[in-house]
Structures are given as structure tokens and as C-alpha cells.
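**Q** 3D, please:
(one chain, ligands or ions: 1)
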Amino acid sequence: MKTQTTVRCRCGNKILAEANGSESFPDIVCPACNMLIRITAPLYFSEVGVRVKLRSKAELESGDFTLSIILSAMAVECELAFLFFWWKRMDRYRSDPTSGISATQAENDLWENEYRSNYIGIVKKLNGISKLLTGSDLDSFTGNGMTKHFEECLFWKRNQIVHFGKMDFGKEDAEKCYSIASTLFNIMYKMQKKCDSGQVSYRKNREG
Ligand SMILES: [Zn+2]
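**A** Numbers count the residues shown, from 1 in each chain. Next comes the predicted model:
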């Protein structure tokens, strides 16, 4: 998968950076002011979720609105899955710090099965991950009651493409979907930060 992102240099110049697959973005030199720019991976967020979202933005900007919508929804799903596995690893680590923070293949298989069985549909995913990381469902965590809106305006739109073959979405639709994906990324960032900062007990939020 190719990923593109536009970087703004301190001088104001905008530069397009590209990466392939999981390779890092190369360092770039601003052609206007010769400043060396390093593009580093974000501290939070999964690499794949961020890259799929960047690709959604690139498709939006190049006019492939339907593909951009599919990628916006997929980016959120990548990030939710990433947070689930991250939480599982952290939970296991807190109960036994000597085990390290990497998961074994057997653990990954077990958690994958749990994710597939218990987190069916986007609302269950959004609320389930929110509960794990913050102790409350998404609407309670954000306090704005937008879960239904996120579901209908992003995921139902994606479903119209994937389930019913609707392929002629326009710019406005794609922009709205990308904006919802960005909002959800911000919310997920806050969830992970709250959990990671120890404001939330890992033990208390175990399912069951
Ligand atoms: Zn510059």
C-alpha cells in the first residue's frame, strides 16, 4: 500500500511525502528553504490506521470520493482493532510485568478470536473499546451522544458501497466521512491517553 502525506515546512512551503508498505517516510529537504524535515511515527495510533487514513485523504484530494469513503471507515476499524490488541497486551503486562509487552502467537490467536466473536458491528466495536479503555461507552465518554451519527454518516455510507454497489458518491460525502474519521481518531487518542496515564484501571475494565 502506498501512503502520501503533505508536510508543511516552517517556511510555509507544502511538500508531498510518500512511503510504500510499512517503510518509514524518508527525510525530506524543503526545496524552498533547505530545511531537513523528519516525519516521525506518532506516539499513539497504529501505523496502519494512520496510513489508511492518509490514503483516504489522498483519494479525497485526487477526486476518488467513493474509495476515500471506504478508506475512512477502514481507518477507524484498523484503529479500533489496534486499541483492542494494545489493551490486551497492557492488561496482560500489568498482571505480570515479567512477561514483557509483546504478545505471543497463541495470545494473538486467542484475542483475535475474542475480537471477532464479541465485537460485531461498528457500534459494538466503538462502545466495547471505549469501555475497555475508559470504563464507559462512547456517548458517556464523549458526552455528546454522537455514536449514532458516526454510525449512520460514515459506516452506513460505506455499507452502501460495499453491500449495495453504490459507487457515485461526491466530494461533499467524502469530506464528511473523512471529517468523522478524524473526529473518531481524536476520540480514540483521548481514550488511549486516559487509559495509558493510569486514570483508568486495566483490571476493572475487563469484560465479563
Ligand atoms: Zn521550507
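
**Q** low pLDDT regions in the protein?
**A** 41-45, 199-208 (pLDDT under 70).

**Q** which parts of it sit against the ion?
**A** Of all the residues in the chain, those in contact range of the ion (C-beta under 5 Å from the ion) are Cys9, Cys11, Asn13, Cys30, Ala32, Cys33, Met35. All C-beta atoms are positioned from the backbone trio N, CA, C, and that covers glycine.

**Q** count of neighbours near the fifth one?
**A** A count of nearby residues for Ala32, using other C-beta atoms under 10 Å, gives 12.

**Q** cool, the second one as well?
**A** A count of nearby residues for Cys11, using other C-beta under 10 Å, gives 10.

**Q** Figure out the helix or strand that it lives in.
**A** If you go by DSSP states H and E, Cys11 is not part of any helix or strand.

**Q** So it is in contact with Met35, correct?
**A** Yes: at 6.8 Å, Cys11 counts as touching Met35 under the criterion of C-beta atoms under 8 Å.

**Q** Make sure Thr6 is indeed in a strand.
**A** Yes: per DSSP: H, G, I helix; E, B strand; the rest coil, Thr6 lies within a strand segment.

**Q** Quick check: it vs the ion, distance?
**A** Using C-beta to the ion, to the nearest Å, Thr6 is found at 13 Å from the ion.

**Q** Straight-line length of stretch 59-71, end to end?
**A** End-to-end distance of stretch 59-71: 9 Å, with C-alpha to C-alpha, to the nearest Å as the criterion.

**Q** Give me the distance between it and the centre of its chain.
**A** Counting by C-alpha atoms, centre = their mean, to the nearest Å, stretch 59-71 is centred 17 Å from the centre of its parent chain.

**Q** For that stretch, list every residue counted as buried.
**A** Buried residues in stretch 59-71, defined by neighbour count with 16 or more other C-beta atoms under 10 Å: Glu59, Leu60, Asp64, Phe65, Thr66, Leu67, Ser68, Ile69, Ile70, Leu71.
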